[in-house]
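In: Build me a model:
(one chain, ligands or ions: 1)
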Amino acid sequence: MAFIKINRENFYHNLNQIVLKTGSREKIAIVLKDNAYGHGLVLIAKLASEFGIKHAVVRRTAEAKQIEAFFDTILILGDNSITHEKFHYTINTLEDIVQAQKGAKVELKVDTGMHRNGISMQELDKALNAIVAHDLNLVGLMTHYRSADELSSELFWQQKNFAWVKEKVKNAGFENVRIHSYNSAALLRSKDFTEDVVRVGIAAYGYNELPTIFDKRVLKPVLSLHANRVSSRVLKKGERVGYGGDYMATQNMTVSTYDLGYGDGWCRGDSGKPFITADKLPILGRVSMDFITLASDKEEVCVVNDAQDAAKQLGTISYEVMTALHKDIKRVLL
Ligand SMILES: *Cc1c(COP(=O)(O)O)cnc(C)c1O
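Out: You can find the predicted model right below:
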């Protein structure tokens, strides 16, 4: 099977860049959902913890349980709240409050304009009363921005809405409630970060999806994708490769199959617009379930060393390229 290399030095470089914005390591809540954006949940949790990060964010309790030992708090974005010393549960709806276990630590997510998850601003009083009535422990207040990565004033009206929400919660007398609204894009474009914690994902993994006018902080890719040679052969001019014979050899040439395919989460793509690997080799013909063919006889090739470049070729974003990579692919630490 193909394998993934994780570059610790680059990861720590990115985290140091983030610390320049937050002012301290304690303010980073590293987002580890979806197998740490494809990098490997436990491996990245361990590295983050060794760096001095105290807070993490995942989607479900099962993920939190795997990395419990590494952090002081783990925010779970979408699962039923249970009482646990370290686990904080996101309240996305009024029903979430009713379903939560008594005493559970919860963080209230308020919809300030993205209209994806979170209770509405009109429901705020109701939600705060219900949290008290159900004996839940409110430890956080959060929102999410829909356009932090766009060059527009979009971010600002949502921040205004959040300011109104914060004021209301403060006036309701809740204490020890941590406040957070920033993702990577919001943090990278901000000049003065004042919140309690930042939920940072993509920037830690090495990508800045902001327009170039914003902070040109240089981040470095943490993940690279490699494949091993399976078999080689010499094609004569005119012979064709793989399903449908979509690629025809224009001259006598040596080709090899490598052990990566769409079954590993690699994009099947369009053989008419071949993907060019990081080693500058076009994928010849169709991608199979477990194999690609390249004009090479090297034992090992690098398919991706920059997920943003790969995403451009594939018509998607770095997030999707990385999270699609199957969790059984071996992650090797450099
Ligand atoms: C995924 C996620 C983040 C992290 O976003 P990045 O763009 O990767 O920094 C932050 N907050 C929430 C609620 C998320 O779901």
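
In: C-alpha only now, for contacts and for neighbours.
Out: Will do.

In: Under the pLDDT cut-off, which ranges of the stretch 201-334 of the chain? List them.
Out: Scanning the stretch 201-334 of the chain with the threshold set as pLDDT under 70 gives 213, 215-216.

In: quick one: the helices in it?
Out: For the stretch 201-334 of the chain, helices defined by DSSP state H, counting those that start in this stretch occupy the ranges 307-314, 318-323.

In: Tell me which of these lies nearest to residue 263.
Out: Nearest to residue 263 among the helices of the stretch 201-334 of the chain is helix 318-323; the distance by C-alpha to C-alpha comes to 13.6 Å.

In: The stretch 51-200 of the chain: helices as residue ranges?
Out: Using DSSP H, counting those that start in this stretch, helices in the stretch 51-200 of the chain cover 61-67, 94-99, 124-133, 154-171, 184-189.

In: sorry, back to before: would CSV of the helices of the stretch 201-334 of the chain with mean neighbour count be doable?
Out: Converted to CSV, the helices of the stretch 201-334 of the chain look like this (neighbours: other C-alpha atoms under 10 Å):
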stretch, mean neighbour count
helix 307-314, 18
helix 318-323, 20
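
In: Quick one, which of the ones you listed gets closest to residue 272.
Out: Closest among those, using C-alpha to C-alpha: helix 307-314, at 12.2 Å.

In: what packs against that closest one?
Out: helix 318-323 (3 or more C-alpha pairs under 8 Å, 6 or more residues apart in numbering; DSSP states H and E).

In: circling back to that earlier point, any idea which of the helices of the stretch 51-200 of the chain gets closest to residue 112?
Out: Using C-alpha to C-alpha, the nearest of the helices of the stretch 51-200 of the chain to residue 112 is helix 154-171, at 5.7 Å.

In: Select, out of the helices of the stretch 201-334 of the chain, the one closest to residue 233.
Out: In terms of C-alpha to C-alpha, the element of those nearest to residue 233 is helix 307-314, at 27.2 Å.

In: Dump that closest one to PDB, keeping only the CA atoms.
Out: Output of helix 307-314 as PDB, limited to C-alpha atoms (Å, rounded to 0.1, in the frame of the first residue of the first chain):
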ATOM      1  CA  ALA A 307      -2.000  19.100  -1.100                       C
ATOM      2  CA  GLN A 308      -3.000  22.600  -2.300                       C
ATOM      3  CA  ASP A 309      -1.200  22.000  -5.600                       C
ATOM      4  CA  ALA A 310      -2.800  18.600  -5.900                       C
ATOM      5  CA  ALA A 311      -6.200  20.100  -5.100                       C
ATOM      6  CA  LYS A 312      -5.800  22.700  -7.900                       C
ATOM      7  CA  GLN A 313      -5.200  19.900 -10.400                       C
ATOM      8  CA  LEU A 314      -8.200  17.900  -9.100                       C
END
